[in-house]
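Visitor: Sequence isn't available, so here's the structure alone:
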């Protein structure tokens with residue numbers, strides 16, 4: 001029991017824990033977050049609904065950019081090793097979080113092993129491949145008629161990129177994509193009762209672990225110029241990574257490296273269709289404006305909405321007295337609509353001045369390692385789509401119910 005924790009002041013009148021709340025649209029939910037940002041930027045709430053027994057008492061909701069950044073940059077006080085999801089069991093239930101659930105110095109060593117694959121130099125090496133993949137994807141869309149845009153376009157480029165980097169064979173890429181969809185609550189999982197969905201998610205995680213171990217064994221015997229070869233050859237304090245480490249990394253790449261870019265692509269195309277003046281502004285100088293516009297793509301989409309930490313000591317944050325052992329949740333979906341940081345935060349404004357958003361995290365040790373690759377992919381696929389399919393028509397999106405991913409499960413579209 002920490003020095004501060006005799007009882008927690010539950011926030012009254014603002015519900016961000018129920019299933020009903022997370023079934024609402026992003027915009028409807030932000031009415032609650034706007035009130036929290038204004039009245040109680042760090043506030044205590046009961047745990048979210050979860051289909052398995054747990055002992056969690058609740059969580060602190062951190063809703064402003066300034067506090068999200070403070071927590072993100074202080075890994076000693078706000079730790080990741082006890083889980084990183086809003087759900088009570090979160091990362092511990094999947095067993096596949098790799099360095100997302102580590103703290104320095106362990107996190108620093110493991111992240112260092114894979115960071116070489118994400119340097120600007122390495123990203124330039126895969127840039128041409130990403131550009132070519134984007135072109136081939138749009139080739140398949142030309143004249144396609146009625147499609148599911150998520151299935152036919154958004155999900156393809158990130159999975160191809162991840163598979164190229166890790167060395168997933170062509171024969172397994174469709175299966176890996178399905179596993180990633182199910183792990184994030186899309187695909188078949190979305191149609192199952194809670195307990196069956198949990199079982200399928202575990203099966204998909206086991207599949208990705210098994211695939212990674214098989215690929216790692218192959219790379220030990222047949223090294224190549226890919227990230228997996230670097231991992232099997234790497235040493236930490238003289239020891240190589242375990243098969244479990246490599247399996248967890250595969251799970252991380254197949255999910256975090258896939259769904260975030262997939263969702264941003266879908267949200268961005270909907271935003272451009274709804275705001276043709278923004279599309280026209282971008283296309284007037286695409287090469288000069290696209291990388292600034294990408295920042296607005298990811299801020300406005302906020303594909304990852306939440307991450308959690310656990311306080312290692314008693315600490316005060318914006319007047320809230322947080323006790324050691326308390327769960328602290330960073331609401332990126334709220335931070336990216338923070339009125340104190342962004343003028344007219346709900347607007348989709350590609351000319352918005354560069355401002356510190358939190359779509360890639362709030363900085364610190366866990367800032368998104370793949371942000372550079374994500375930006376290159378978004379530049380490539382959005383550019384191909386706008387240049388070659390300017391008249392694509394979209395229907396009504398089917399949204400995922402999730403407290404983690406701001407997801408669109410399917411999107412009917414017509415390509416003439």
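Guide: Cool, the structure landed. Worth saying up front: this structure is predicted, and the values here are computed from it rather than measured.

Visitor: can you give me the strands in the stretch 151-300 of the chain?
Guide: Applying DSSP state E, counting those that start in this stretch to the stretch 151-300 of the chain gives no strands.

Visitor: Quick one: distance of the biggest helix by length in the chain to the chain centre.
Guide: The residue-count maximum for a helix in the chain (DSSP state H) belongs to helix 243-274. Mean-position distance between helix 243-274 and its chain equals 6 Å (CA atoms, centre = their mean, to the nearest Å).

Visitor: For residue 176, which residues are in contact?
Guide: 159, 163, 168, 208, 211, 254 (CB atoms under 8 Å, 6 or more residues apart in numbering). The way it works is simple: take the backbone N, C-alpha and C, and place the C-beta from them, glycine included.

Visitor: do residue 182 as well
Guide: Contacts of residue 182 by CB under 8 Å, 6+ apart are 188, 189, 200, 201, 204.

Visitor: and the residue lying closest to it once chain neighbours are set aside, how many neighbours does it have?
Guide: Closest residue in space to residue 182, ignoring its immediate chain neighbours: residue 189 at 4.4 Å, by CB to CB, 6 or more residues apart in numbering. Residue 189 has 20 neighbouring residues, counting by other CB atoms under 10 Å.

Visitor: for this structure, which residue is closest to the average position?
Guide: residue 304 (3.8 Å; CA atoms, centre = their mean).

Visitor: what residue ranges in the stretch 101-250 of the chain are flagged as low confidence?
Guide: Low-confidence segments of the stretch 101-250 of the chain, defined by pLDDT under 70: 101, 110, 116-117.

Visitor: Which parts of it are helices?
Guide: Per DSSP state H, counting those that start in this stretch, the stretch 101-250 of the chain carries helices over the ranges 106-115, 120-141, 149, 156-166, 170-183, 194-221, 227-233, 243-274.

Visitor: out of those helices, which comes closest to residue 391?
Guide: Closest to residue 391 of those, according to CB to CB: helix 243-274, at 10.1 Å.

Visitor: So among the contacts of residue 182, which ones count as buried?
Guide: By neighbour count, with 16 or more other CB atoms under 10 Å, the contacts of residue 182 hold 189, 200, 201, 204 as buried.

Visitor: For burial, what's the neighbour tally of the spatially closest residue to the third one that is not a sequence neighbour?
Guide: The reference is to residue 201. Take residue 201 and drop its neighbours on the chain: the residue closest to it by CB to CB, 6+ apart is residue 183, 5.6 Å away. Residue 183 has 24 neighbours, counted by other CB under 10 Å.

Visitor: where's residue 183 relative to residue 118, distance?
Guide: The gap separating residue 183 from residue 118 is 22 Å, by CB to CB, to the nearest Å.

Visitor: Dump the contacts of residue 176 into TSV; add neighbour count as well.
Guide: Output for the contacts of residue 176, formatted as TSV (neighbours: other CB atoms under 10 Å):
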residue	neighbour count
159	24
163	21
168	24
208	24
211	21
254	29
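
Visitor: Closest to residue 76 out of these?
Guide: residue 254 (30.4 Å).

Visitor: The closest one reaches residue 175, doesn't it?
Guide: No. Residue 254 lies out of contact with residue 175 (CB atoms under 8 Å); the separation is 10.3 Å.

Visitor: count of neighbours near residue 394?
Guide: The burial count for residue 394: 16, using other CB under 10 Å.

Visitor: got it, and residue 393?
Guide: Residue 393: 11 surrounding residues under other CB under 10 Å.

Visitor: residues touching the nearest residue to residue 37 once chain neighbours are set aside, list them.
Guide: Excluding the flanking residues, the one nearest residue 37 by CB to CB, 6+ apart is residue 63, at 4.9 Å. By CB under 8 Å, 6+ apart, residue 63 lies in contact with 33, 36, 37, 41, 42, 43, 331, 334, 335, 338.

Visitor: Which of these fall in helices?
Guide: Going by DSSP H, the helices hold 33, 36, 37, 334, 335 from the contacts of residue 63.

Visitor: So which of those wins on neighbours?
Guide: Neighbour max across these (other CB under 10 Å) = residue 335, 29 neighbours.

Visitor: related to what we said a few turns ago, reformat the ones in helices among the contacts of residue 63 as JSON lines; add pLDDT.
Guide: Shown next, in JSON lines, are the ones in helices among the contacts of residue 63 (pLDDT from 0 to 100):
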{"residue": "33", "pLDDT": "97"}
{"residue": "36", "pLDDT": "96"}
{"residue": "37", "pLDDT": "96"}
{"residue": "334", "pLDDT": "98"}
{"residue": "335", "pLDDT": "98"}
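
Visitor: Of the helices of the stretch 101-250 of the chain, which stretch is the most buried?
Guide: Highest mean neighbour count of the helices of the stretch 101-250 of the chain: helix 149, a mean of 25 (counted as mean count of other CB atoms under 10 Å).

Visitor: What lies in contact with that one?
Guide: 266, 269, 392, 394, 411, 412, 413.

Visitor: unless I'm mixing things up, residue 268 is touching residue 303, no?
Guide: No. Using CB under 8 Å, residue 268 is not in contact with residue 303, being 10.4 Å away.

Visitor: Against residue 86, how distant is residue 49?
Guide: Distance of residue 49 to residue 86, given as CB to CB: 11 Å.

Visitor: Settle it for me: which of those two has more neighbours?
Guide: Taking other CB under 10 Å, residue 49 and residue 86 do not tie; residue 86 has more neighbours (25 against 15).

Visitor: quick revisit: I'd like to know which of the helices of the stretch 101-250 of the chain is closest to residue 364.
Guide: Of all the helices of the stretch 101-250 of the chain, helix 106-115 sits nearest to residue 364, with 10.4 Å by CB to CB.

Visitor: Now do that closest one and helix 156-166, the angle between them.
Guide: 100 degrees (axes from the mean of the first three to the mean of the last three CA atoms, to 10 degrees).

Visitor: Cool, thanks, talk later.
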